[in-house]
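S.K.: This is a predicted model, with the sequence first.
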Amino acid sequence: MHQLSKASWSCPDAGTISAGKYADIIAVRGDVLRYINLLQDVDLVMKRGGEV
């Protein structure tokens, strides 16, 4: 399980992705830190644990 940095989060449950937790996620194929234009072709968006 990939651990995200909790330092900048105010929610105590933030920082992990696992079953039963709520998540706001934008999923793309590739490295958006290197290729920001990938955000123009989003594969999945989840808000509060549900697909949008």
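M.R.: Arrived safely. What you are looking at is a predicted structure, and each value in this text was computed from that prediction instead of being measured.
S.K.: lowest confidence element among the helices and strands of this protein?
M.R.: Least confident helix or strand of the chain, by mean pLDDT, DSSP states H and E, is strand 50-51 with a mean of 82.
S.K.: got any ranges where the chain has weak pLDDT?
M.R.: Applying pLDDT under 70 to the chain flags the ranges 1-15.
S.K.: Now do the residue lying closest to residue 31 once chain neighbours are set aside against residue 51, distance only.
M.R.: Spatial nearest neighbour of residue 31, excluding adjacent residues (Cβ to Cβ, 6 or more residues apart in numbering): residue 38 at 7.6 Å. For glycine as for every other residue, the C-beta is placed from the backbone atoms N, C-alpha and C. Distance, residue 38 to residue 51, by Cβ to Cβ, to the nearest Å: 19 Å.
S.K.: Tally up the residues packed near residue 34, please.
M.R.: Residues lying near residue 34 (other Cβ atoms under 10 Å) number 7.
S.K.: distance of it from residue 28?
M.R.: Per Cβ to Cβ, residue 34 is found 12 Å from residue 28.
S.K.: can I assume residue 37 sits in a helix?
M.R.: Yes - applying DSSP: H, G, I helix; E, B strand; the rest coil, one finds residue 37 inside a helix.
S.K.: which stretches of this protein form strands?
M.R.: Per DSSP state E, the chain carries strands over the ranges 25-27, 44-47, 50-51.
S.K.: still on that earlier bit, count of residues packed around the residue nearest to residue 31?
M.R.: 15.
S.K.: List the contacts of it.
M.R.: Residue 38 makes contact with 28, 29, 30, 31, 32, according to Cβ atoms under 8 Å, 6 or more residues apart in numbering.
S.K.: Tell me, how many residues neighbour the last one?
M.R.: Going back to what we said before, that points to residue 32. 12.
S.K.: Which residues does the least confident helix or strand of the chain contact?
M.R.: Residues contacting strand 50-51 (Cβ under 8 Å, 6+ apart): 44, 45.
S.K.: Use 285 as the first number from now on
M.R.: Got it, the first residue is 285 from now on, which makes the last one we talked about strand 334-335.
S.K.: Give the pairing partners of that strand; include direction for each.
M.R.: Here strand 334-335 is paired, per DSSP bridges, with strand 328-331 (antiparallel).
S.K.: Before I go, just wanted to say thanks for your time.
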